[in-house]
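**Student:** Pasting a predicted model and its sequence here:
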Amino acid sequence: MSPESRRGPNQAGNIVAVAADIAALILGLWILMYLLDANRGNDLVKFVHDAATWLAGWSHDLFTFHRAWARVVCGYGLAAVVYLFIGHAIANRMHKY
């Protein structure tokens, strides 16, 4: 197999891994901003919150802890871990072929 034909799946795998990393970074950044009580009137904070809410739409209200910070950490944190795990598993699979 020529080096050019091997580069395609590797590049695709790298793209999948980077996309998973970016999704987890956005989710982690929102958790940090929430815990540090960032100004929600700030445009950057609004953008990160909206992006994180969209990315974790399936998990951000999954847990019903009494403390709001625990719900945010567990709900958004679970989404970040899932994106990292599944994204990198897919990327590793793509690197093998």
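**Tutor:** Yes, it's here. Keep in mind the model is a prediction, meaning the values are calculated, not measured.
**Student:** following the lengthiest helix in the chain, which helix or strand comes up?
**Tutor:** Once the chain is assigned using DSSP state H, the helix that runs over the most residues is helix 3-35. Going down the chain from helix 3-35, the next helix or strand is helix 43-55, by DSSP states H and E.
**Student:** and that next one, which residues are buried?
**Tutor:** 45, 48-49, 51-52, 55 (16 or more other CB atoms under 10 Å). Yep, even glycine has a C-beta here, placed from its N, CA and C like the rest.
**Student:** With distance to Thr64 as added columns, please give those residues in CSV.
**Tutor:** Formatted as CSV, the buried residues of helix 43-55 follow (distance: CB to CB, whole Å):
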residue, distance to Thr64
Val45, 25
Val48, 24
His49, 21
Ala51, 24
Ala52, 19
Leu55, 21
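**Student:** Among these, which one sits closest to Gly87?
**Tutor:** Nearest to Gly87 among these is Leu55, at 11.8 Å by CB to CB.
**Student:** Now do the contacts for that closest one.
**Tutor:** 23, 26-27, 79, 83 (CB atoms under 8 Å, 6 or more residues apart in numbering).
**Student:** go with 6 Å
**Tutor:** Taking CB atoms under 6 Å, 6 or more residues apart in numbering as the criterion, Leu55 is in contact with 23, 27.
**Student:** Output the contacting helices and strands for the longest helix of the chain.
**Tutor:** Helix 3-35 sits against helix 43-55, helix 68-96, with contacts defined as 3 or more CB pairs under 6 Å, 6 or more residues apart in numbering; DSSP states H and E.
**Student:** before we move on, back to that, closest one to Ala70 out of the buried residues of helix 43-55, please.
**Tutor:** Nearest member of the buried residues of helix 43-55 to Ala70, counting by CB to CB, is Ala52, at 16.3 Å.
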